[in-house]
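Chemist: Sequence unavailable; structure follows:
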Ligand SMILES: Cc1ncc(C[n+]2csc(CCOP(=O)(O)OP(=O)(O)O)c2C)c(N)n1
Ligand SMILES: [Mg+2]
């Protein structure tokens, strides 16, 4: 029996194990939506802005390791997805974005709501397709999911003209893909692995830098085995948080611009860097000219193009991290590294980056720590972008693997709420906390309606400092305290929540923090807490842009350290 | 770091938009394409592209690996250091009068080039060879007045039986 393109799309999605689709309809996807009722196993979540659909699909993907799916109409629907697609691309999250396109006969004629979305998304997708023949559709969906979810994951976009959705053909879902130009190197080269193991065995001051690749590969146990066997301290990138237990004695915390003093000092003084599934982003390395000056570098990554891109590597190992570490760990010798670890302990006393000031003030660090205490780490935390993101990253102890969902590469404000939605939909059994900025929250605030309509029980904590806080901090520290356009007039967020049928409370003092968190946790549905935090609280330490990681500003010593690079 | 010309040879799928993806990648990564020639290959459905880019080896290696990541790109090699045959074809329209015509034809002969079109005021010359040969012919013809030049850009294959 022949099926329409729309039916073929739905059945292909089902074959790929898709359960949830985030989207908004419009003229160019009407045939697809019209067939949704035939496939009740596909849950469609109607968002309020396509950016929300893309971030939700991204959050879903990061939390579940399965491709998130979003759908939008042609033209403005498709362009509204762009930020979310770019975000997934930068952070290697698997996503399949489906867009409607104007009918084939008018493509290229500047038809109503025609945009060249495949052209627009070339640099922000792993691959994209314009389907011009319904006979190609099933194969295209198969390839899209395969490409999105394998190797280094990423977003794939499928643009489907409206008339292709209506055209009919036999539905045959291929069981294999034929992609001669798509190669995945999953097993590391044995000779490279051997060289890497030798360097590790010989190192006196080694440091592991764990990135999101460890989480994507789910190589938590293998990483832990390596660290413990050879007693190697672990630092992680923002996206590598929760790849290694936050309460482990070998965990030094995050490195980089807002990294802990001991993490950055360890990296700068290391004789060997073992970079695992990370890409030497400038936020992590500081000025690469001064990065880890005495270290030899082992770089393990599935993407060959990451090797040598930003930092010279002595021993590259291209492959899937789980497979590489499994092969490598058997060649690792037991080590103690007593002197090195005690030097690092010294630094952690010298630079107590995690300390929280005593007193009356309502400090964001304290709030995040209380959310940790209340959940005992048994929660998934989704952050916005800016100061709230850094506090959430630094003051929650991430014990559970893959428990921090944060947009590191693109850093789009407004990620927090829709991504939290996607995370909760993907993991309904988990407690999901959305740590939001008051600025970012207002960029996708409309998704409160989606949350209510679809009963998505996320707990929202707004770090309300009345500022575009991270930018204000830069103005304070690097622009002579000239606060140009960073002050925010904010609406009453509790009333806003109420208007969306979501209960909430406002918290102004420290002693109200724990009861408010308790209330949020006890309430069965979505809940909002508006924390009126210390307005000019800064994130410390901070490595000023262009500096080496060893030159950070601290709260207690608010000037650049003069120490050796 | 030595900045030199590199010759990349890519086998790419013969599909719409592939050239756009490749051009987009070069632009985004800040690479200047000095010449690009594309045409059919020995494999049905695949085209062979010869791309000449400037840059140091590490930069070119980075762009090669980024190209390899494109799904429609099957294989990319930097053959600069290999033993290769390179050729370019050029068409050169040069002013010719009764006085200069025979002198031009002598030069054309020396270069084993061909005259492919003749008009009362011009000759159009076809030449193939490596860039040096094409450049020197153009250099010699300049004194007669070159009206138009069309060059294909470099195409290249490695020498010998392997592939
Ligand atoms: C879409 C977008 N626009 C602008 C920026 C630049 N930016 C980075 S952090 C920041 C401030 C964010 O303010 P808020 O959401 O209140 O978070 P805070 O830093 O105060 O915690 C801005 C404007 C961005 N990252 N994303
Ligand atoms: Mg703020």
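Modeler: Good, I have the coordinates. Values in this document were obtained by computation on a predicted structure and should not be read as measured data. Ligands and ions are numbered 1, 2, ... in the order given.

Chemist: going forward, measure contacts and count neighbours with C-alpha atoms only.
Modeler: OK.

Chemist: Are stretch A:407-420 and chain B in contact anywhere?
Modeler: No. Under the criterion of C-alpha under 8 Å from any C-alpha of the partner chain, stretch A:407-420 makes no contact with chain B; the nearest approach is 16.0 Å.

Chemist: first to last residue in that stretch, what's the distance?
Modeler: 12 Å (C-alpha to C-alpha, to the nearest Å).

Chemist: Report whether that stretch contacts ligand 1.
Modeler: Yes. Stretch A:407-420 reaches ligand 1 (C-alpha under 6 Å from any ligand atom) through A:411-413.

Chemist: Save those as CSV, and put in distance to residue B:123 and secondary structure too.
Modeler: Formatted as CSV, the entries for the residues of stretch A:407-420 next to ligand 1 read as follows, by distance: C-alpha to C-alpha, whole Å; DSSP: H, G, I helix; E, B strand; the rest coil:
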residue, distance to residue B:123, secondary structure
A:411, 60, coil
A:412, 61, coil
A:413, 64, coil
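
Chemist: Break the chain down into its structural domains.
Modeler: All of this is about chain A. Using automatic domain parsing, the domain parsing of chain A gives A:2-170, A:190-350, A:364-532.

Chemist: Chain B was what I was after
Modeler: Split by automatic domain parsing, chain B gives B:4-81, B:85-158.

Chemist: so which of those domains gets nearest residue A:104?
Modeler: With C-alpha to C-alpha, the closest approach to residue A:104 among the domains of chain B belongs to domain B:4-81: 14.8 Å.

Chemist: ends of that closest one, how far apart?
Modeler: Rule used - C-alpha to C-alpha; the end-to-end distance of domain B:4-81 is 11 Å.

Chemist: any bit of that domain sitting next to chain A?
Modeler: Yes. Contact of domain B:4-81 with chain A (C-alpha under 8 Å from any C-alpha) involves B:12, B:21, B:24-25, B:28, B:58, B:62, B:65-66, B:68-75.

Chemist: As a check, name the ranges of all helices in chain B.
Modeler: Assigned by DSSP state H, chain B shows helices spanning B:18-28, B:57-69, B:101-110, B:131-142.

Chemist: Now for the residue of chain B found nearest chain A, how many residues are close by?
Modeler: Closest residue of chain B to chain A, C-alpha to the nearest C-alpha: residue B:74 (3.8 Å). Neighbour count for residue B:74, taken as other C-alpha atoms under 10 Å in any protein chain shown: 20.

Chemist: shouldn't it be in contact with residue B:9?
Modeler: No. Here residue B:74 does not reach residue B:9: they are 10.8 Å apart, not a contact under C-alpha atoms under 8 Å.

Chemist: Among the domains of chain B, which comes closest to residue A:439?
Modeler: Of all these, domain B:4-81 sits nearest to residue A:439, with 30.4 Å by C-alpha to C-alpha.

Chemist: Contact residues of chain A facing ligand 1?
Modeler: Contact residues, chain A versus ligand 1 (C-alpha under 6 Å from any ligand atom): A:385-388, A:411-413, A:437-440, A:465, A:467-471.

Chemist: Buried members of the residues you listed into PyMOL, please.
Modeler: In PyMOL, a selection of the buried entries from the residues of chain A next to ligand 1 looks like this (16 or more other C-alpha atoms under 10 Å in any protein chain shown):
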select buried, chain A and resi 385+386+387+388+411+412+413+437+438+439+440+465+467+468+469+470+471
